[in-house]
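J.: next comes the sequence, and after it the predicted model I'd like to discuss.
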2 protein chains.
Amino acid sequence: MKKSVTILGAGLVGSLWSVILAKRGYEVQIYERRPDMRKQSISAGKSINLAMSNRGWKAIELAGLKEDIEQIAIPMTGRFLHQKDGSSAFQAYGKNGEAIYSVSRGELNKKLMDLAEKNGVKIHFEHKCTDVNLQTNTVTLEDRDGQAEKITAELLFGADGAHSALRQAYTLIDRVNSSRHYISCGYKELFIPAGPGHTFLMEKNALHIWPRGQYMMIALANFDGSFTCTLFFPFEGDPSFESLDTDDKIRAFFEEEFGDAVALMPTLLEDYKRNPVGSLITTRIDQYAFQDKSCLIGDAAHAIVPFYGQGMNAGFEDCTILAQLMDTCEEDWSRIFERFNRIRPANGQAVADLALENFIEMRDKVADPKFLERKKIEKELGKMFPEYYNSVYEMVSFTQTPYAEALAAIQAQDALLARIMENGDFYERLEQEDYRAQLERWLQAYSSDLEQTIAAIEK
Amino acid sequence: MKKSVTILGAGLVGSLWSVILAKRGYEVQIYERRPDMRKQSISAGKSINLAMSNRGWKAIELAGLKEDIEQIAIPMTGRFLHQKDGSSAFQAYGKNGEAIYSVSRGELNKKLMDLAEKNGVKIHFEHKCTDVNLQTNTVTLEDRDGQAEKITAELLFGADGAHSALRQAYTLIDRVNSSRHYISCGYKELFIPAGPGHTFLMEKNALHIWPRGQYMMIALANFDGSFTCTLFFPFEGDPSFESLDTDDKIRAFFEEEFGDAVALMPTLLEDYKRNPVGSLITTRIDQYAFQDKSCLIGDAAHAIVPFYGQGMNAGFEDCTILAQLMDTCEEDWSRIFERFNRIRPANGQAVADLALENFIEMRDKVADPKFLERKKIEKELGKMFPEYYNSVYEMVSFTQTPYAEALAAIQAQDALLARIMENGDFYERLEQEDYRAQLERWLQAYSSDLEQTIAAIEK
């Protein structure tokens, strides 16, 4: 007999995981804190576009939802940089035109809930988990009227987000390390409407970035021709959400910093004043599963900042990995959880670091010509020596290389590229006869160093 | 009308704080998870001796308990080092014979509970707090039979230790950073009995240390002539609690490493196998108080490793500071909490760092002759230039210098002492005529650097 499954949270990861389990014959109940989002409009200023990449697609495929989601996904093949002086530049993500995909969080979640229910999953809305007893697997749930109810789960999954009740219980296990850390920037959603006849007023197939050092704005295309913009900006200091405290200051700041965008934002001031400022948390914990009883997935295990577009992708990958372990461990949940707990937390830590690191890259480094040159050289290297070189960005977004290995590659790639770039103009030198052979030696050395580092991590 | 006060936890800090409040006319209820320790024997291997120092005494005095506690406190004027080769050395803590005091945690707690009740405090034992609603100040309590009860507090204090329920609620406040981190060593209590007629078989007035690099044993005197020993030792690796898995291995390890102590430990093997291994956590959180409603004190705010002997002292100092703020803010709890929250978390962070740092000092550095020489020179400097120099240890243990300032002084003192010690033999040079003047210039420079650093911290 298959165990019955209780999932906390009907967000993206909880819903997707329920579909995968239901398709494998499990009886699944989901308890979700919020009301049914399919019956309500999404709250203003929290629509959010996600960037689905390789890991996300992999899990979507497993759930049999790929064709459905492709209908609502907009490919973005690179970054479109908007400089302060009005100039712009495009920087491809992959060496072969690979894309990440702009998807509406709300639409995706609704589709996943529909699919879950179609597969027999029961979703109980407005049931908030307030407490979990790990030893007995007893979950305390509070309904809309504050009535408490206790249920005992056979198999329990916490997909209940950064403030997960299951995670809170895990933090009190002896010798489990955990942390919650907010960055000093918050975010606010803004809006660029579609042009006449649902046309796009900026390049549709790119992730737009206005990099400005300590802060930035980004924009992702929506299906209807509009763009959802997000300003990542310090809470305090000058300039900051705190310091822009009059209409004049807001307008002057945007004119000065994001002139080309302002021209496309007729409701800027209204949006700015109405939409809330969100905070950005990184949560870490070094235990993801408990005995054969429960397991954390998605943001409950590893809430990360959004700058690598990996939050959902990492959560979906949790599902892929668990599904693979179900096969290799023949659905013995004690072994599945033991292995998941052994391999996954280090990757959760790594993707958290990658995401924090990428904020600096996006808001600051991308505006540096040296950095753009490096990106070009990396693509060239990847094409010349595909067996040796794949940039960290490509590993993270276009492969299923474990995050910890991608993180370990940063330092090695920094050293390699510094070596190449301090060596005179790359393209000129490429003309020289023996340079290719030298490059190959360097890349071999890089590649074998990296393998050793990875072997050490895996041990 | 004074607000009524609810305290979670009747440990050292909760009990002491209740006494201080009761003496100021507050009606206080304490809810304590455990049964009344005065009616039961303390569980084996968890007796624990504490080192009371200046900050602790200050609060004990405030509660009017100084003379009582002096009766059960054993002064320790320095470290007594037991080297592996059987040799030993004594290292005074202060330049003027200052002492820290060995006190039994159990005895102290019982006296504080007695005093609390004598002052009208009601202690509800076997009431575990499972949840706190911060907005309503509603506390969910579970009694011995698992019956839940909700009470609403006017003023709520969480003195409920490292696993505090109030702290758990605080970790979910937006933009509050927090962490829980265990070190890779655990501890086990061992025992050296009294000699004939309650005589002490080692120096009574010292803290005994067997420093061994990656681990150490310590011993503190008890009033009856015995010593409570604590082995701080890795959980895993070689050697570790895990690796010593037979009687022979345990015996051989102790003979080899702690030969002089083993001769005094007739029940070593028995104690080692019976007593549990405890873990050692550091908890950090950057918010200690919420509106005018609640406040974290003691380990609930800052659980630290025991290596500076500051856990209880820091918790008692929370009480002293709150009591001072009650005076300066005229018992306006909104202002008291606002100020406490502004000044205290940085000092909680600092004492956590100091305690972690001191483990390295105790287990490793104290065995180094260079280190012992430095300590001697520091005492000399302190005597020669009392207006400029006080060692970090003295600041922490014998003054009420804010912990953050003591922490900031480490680097400055390291630099100063390195400068002095690389300059040839200190005592020989002291004979030279102009050396004292040079020293004074260096100390002036150190002192003014430190003042600047501290001013920057305070800003």
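T.: Now that the structure is in, tell me what you want to look at. Residues are numbered from 1 along each chain as shown, chains lettered A, B, ... in the order given.
J.: nearest residue to the closest residue to chain B within chain A in space, please, no chain neighbours.
T.: For chain A and chain B, the shortest gap (CB to the nearest CB) falls at A:Ser179, measuring 3.7 Å. Backbone N, C-alpha and C define where each C-beta goes, glycine included. Spatial nearest neighbour of A:Ser179, chain neighbours left out: B:Ser179 (3.7 Å); criterion: CB to CB, 6 or more residues apart in numbering or on different chains.
J.: from A:Gly311, how far out is that neighbour?
T.: Here B:Ser179 is placed at a distance of 21 Å from A:Gly311 (CB to CB, to the nearest Å).
J.: look at those two and report which has more neighbours.
T.: A:Gly311 (24 against 18; other CB atoms under 10 Å in any protein chain shown).
J.: for that one, phi and psi?
T.: phi -60, psi -60 (degrees, to the nearest 10).
J.: now do the end-to-end distance for stretch A:205-218.
T.: Terminal residues of stretch A:205-218 lie 13 Å apart, using CA to CA, to the nearest Å.
J.: and the average pLDDT for it is what?
T.: Averaged over stretch A:205-218, pLDDT sits at 96.
J.: check the residue of chain A closest to chain B and give its pLDDT.
T.: For A:Ser179, pLDDT reads 98.
J.: equivalent analysis for A:Phe426, please.
T.: 89.
J.: close enough to count as contact, it and A:Ile420?
T.: Yes. With contact defined as CB atoms under 8 Å, A:Phe426 reaches A:Ile420; the gap is 6.2 Å.
J.: ok, those two, which is more surrounded?
T.: Taking other CB under 10 Å, A:Phe426 and A:Ile420 do not tie; A:Ile420 has more neighbours (21 against 18).
J.: surely the more buried one meets A:Trp442?
T.: Yes. Applying CB under 8 Å as the test, A:Ile420 and A:Trp442 come out as touching, 7.1 Å apart.
J.: got the domain boundaries for chain A?
T.: As given by automatic domain parsing, the domain ranges for chain A are A:5-43+A:51-71+A:104-180+A:281-360, A:182-279, A:368-458.
J.: any idea how far A:Leu268 lies from B:Met76?
T.: Computed with CB to CB, the distance linking A:Leu268 and B:Met76 is 67 Å.
J.: more neighbours: which of those two?
T.: B:Met76 (24 against 20).
J.: which non-adjacent residue is nearest the more buried one?
T.: Nearest to B:Met76 is B:Leu207, by CB to CB, 6+ apart, at 4.8 Å.
J.: contacts only, for A:Pro345.
T.: Listed by CB atoms under 8 Å, 6 or more residues apart in numbering or on different chains, the contact set of A:Pro345 reads A:285-288, A:301.
J.: for the helix or strand where it lies, list every residue counted as buried.
T.: Element membership of A:Pro345 [criterion: DSSP states H and E] is helix A:333-363. Residues of helix A:333-363 classed as buried: A:333, A:336-337, A:339-341, A:344-359, A:361-363 (neighbour count, 16 or more other CB atoms under 10 Å in any protein chain shown).
J.: what does the stretch 251-400 of chain A put close to chain B?
T.: A:Ser279 (CB under 8 Å from any CB of the partner chain).
J.: where along the stretch 251-400 of chain A do the strands fall?
T.: For the stretch 251-400 of chain A, strands defined by DSSP state E, counting those that start in this stretch occupy the ranges A:281-285, A:289-290, A:294-296.
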